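Sharing a model prediction with you, sequence too.
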Amino acid sequence: MSNEDHWRRWLAELRRWLNRCVAVKDAWNVMLFGDHWFCPYCGKAVVLTGGDDKVLEQRVDHLVDQCEGFKEVGDPVKFPADALRKRALGMFVKRSLASSAAWQMRDGDGKWICPYCTHPSEVKIGAKIDKQALTNIVEVVAACPAYAEKGLEGFVSVDEIREAGLKRQTMQASIAELTEWMTDD
């Protein structure tokens, strides 16, 4: 058997194996923005375009030509699905912070407001968000029950964040007034 025949057989085996992995293993299906696939071997986002056949070939090309982590068919993946989802969340948060006003909201103390639950976090941000602040924001979002319930696209608008802030201020003022009234009596 020639090297070329061996290579073709190996690629055919890789395609079959990859199809099975995509069909049944969660780590092979972490996607973002509909076209960014996260490789479970290197953890990088790879843009996939076209129909199913083209997508399979693009995954094969990535594994064979670009992926530092992939060595052989059947190797265990290096990034489990949860780690890949966290990477995807990080990419989503970074893009959202740059493009959406709802993601740029902060309270009077400069604390970033979560656009899912509308509560101020402990993360202080300025005009420019550094790497540590980004990491902290990703942690806040990952732990947010509203994010877990609504998913990536389930964040609220700037108006809803402002309205929730006003309700909190009104409630805090009412509680303070009631507490003062009760201590006076």
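Cool, the structure landed.

Now do the helices in the chain.
Secondary structure of the chain (DSSP state H): helices at 3-24, 52-61, 81-99, 131-143, 145-150, 158-184.

between these, which gets the lowest average pLDDT?
The weakest mean pLDDT among the helices of the chain belongs to helix 158-184, with a mean of 69.

what's the domain layout of this protein?
Domains of the chain are assigned by automatic domain parsing as 3-79, 100-184.

now these as CSV including distance to M91 and mean neighbour count?
The C-beta positions use only the backbone N, C-alpha and C, and glycine is treated the same way. What follows is the domains of the chain, written out as CSV (distance: least, Cβ to Cβ, whole Å; neighbours: other Cβ atoms under 10 Å):
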stretch, distance to M91, mean neighbour count
domain 3-79, 6, 14
domain 100-184, 10, 14
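
among those domains, which is nearest L89?
Smallest distance to L89 across these (Cβ to Cβ): 5.9 Å, for domain 100-184.

Determine how far that closest one lies from the middle of the whole chain.
19 Å (Cα atoms, centre = their mean, to the nearest Å).

same deal with stretch 63-79?
22 Å.

For E72, see how far away the residue nearest the centre of the chain is.
Central residue of the chain (Cα atoms, centre = their mean): L89, 1.1 Å from the mean position. The gap separating L89 from E72 is 30 Å, by Cβ to Cβ, to the nearest Å.

Quick check: longest strand in the protein by residues?
Longest among the strand segments of the chain by residue count, using DSSP state E, is strand 120-124.

Next, D35: phi, psi?
Per-residue torsions, D35: phi -140, psi 0 (degrees, to the nearest 10).

go on, G108?
G108 adopts backbone torsions of phi -60, psi -20, taken as degrees, to the nearest 10.

Tell me the pLDDT of it.
85.

mind starting the numbering at 526 from now?
Taking 526 as the first residue, the last one we looked at is G633.

any idea how far stretch 549-563 is from the chain center?
Centroid displacement of stretch 549-563 relative to its chain, using Cα atoms, centre = their mean, is 11 Å.

Kindly report the same for stretch 562-575.
Here stretch 562-575 is found 14 Å from its chain centre; the criterion is Cα atoms, centre = their mean.

how about the CA coordinates for it, as CSV?
Provided in CSV are the C-alpha atoms of stretch 562-575 (Å, rounded to 0.1, in the frame of the first residue of the first chain):
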residue,chain,number,x,y,z
TRP,A,562,-16.8,25.8,16.7
PHE,A,563,-14.6,25.2,19.7
CYS,A,564,-12.1,22.4,19.1
PRO,A,565,-11.9,20.0,22.1
TYR,A,566,-8.2,19.3,21.4
CYS,A,567,-6.8,22.9,21.3
GLY,A,568,-9.7,24.9,22.7
LYS,A,569,-9.6,27.4,19.8
ALA,A,570,-12.6,28.8,18.0
VAL,A,571,-12.7,27.8,14.4
VAL,A,572,-15.1,29.5,12.0
LEU,A,573,-17.1,26.9,10.1
THR,A,574,-19.1,27.8,6.9
GLY,A,575,-21.2,26.0,4.5
